[in-house]
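Participant: Provide a 3D model corresponding to the input given below.
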Amino acid sequence: MTRTRKRPAVSDRATSTTTTLHPESSLHHRQDGYSAPTPDDRLDAEVIDAAKARGFAIAVRCTRCGQWVVAAKSVAAHLGPVCRAKLDAEAVSQ
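Facilitator: Now for the predicted structure:
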């Protein structure tokens, strides 16, 4: 999503149509880094949907501590919330 700049126009020039990228872009546009899903991505999504429909959850091990994580954000990052917070704290202190 884009926002139009809210700066008053100078009287001797035309108004600006410059837009700025919203900080939480939806990534559904090529310029935002979106790429169409591959056939493998579609098959993976079908398997995950079928598993969820039958009551299963996707779980992966945290790459930092080895604990099983099941939350969608944690599965995507392969890090649990505690390890993510610790890594963020380590990055800030450096």
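
Participant: how much space between T63 and K73?
Facilitator: Per C-beta to C-beta, to the nearest Å, T63 is found 14 Å from K73. (C-beta placed from N, C-alpha, C; glycine too.)

Participant: no, scratch that, I was asking about A51
Facilitator: Per C-beta to C-beta, A51 is found 18 Å from K73.

Participant: A59 reaches Q67, doesn't it?
Facilitator: No - between A59 and Q67 there is no contact under C-beta atoms under 8 Å: 10.0 Å.

Participant: what about the helices in this structure?
Facilitator: For the chain, the helices defined by DSSP state H occupy 39-53, 72-77, 81-93.

Participant: just checking, what packs against the last one?
Facilitator: It refers to helix 81-93. When contacts are defined as 3 or more C-beta pairs under 8 Å, 6 or more residues apart in numbering; DSSP states H and E, helix 81-93 sits against helix 72-77.

Participant: 10 Å - rerun?
Facilitator: strand 68-69, helix 72-77 (3 or more C-beta pairs under 10 Å, 6 or more residues apart in numbering; DSSP states H and E).

Participant: And for the first one?
Facilitator: Using 3+ C-beta pairs under 10 Å, 6+ apart as the contact test, no helix or strand touches helix 39-53.

Participant: residues in contact with K73?
Facilitator: Neighbouring residues of K73 by C-beta atoms under 10 Å, 6 or more residues apart in numbering: 79-81, 84.
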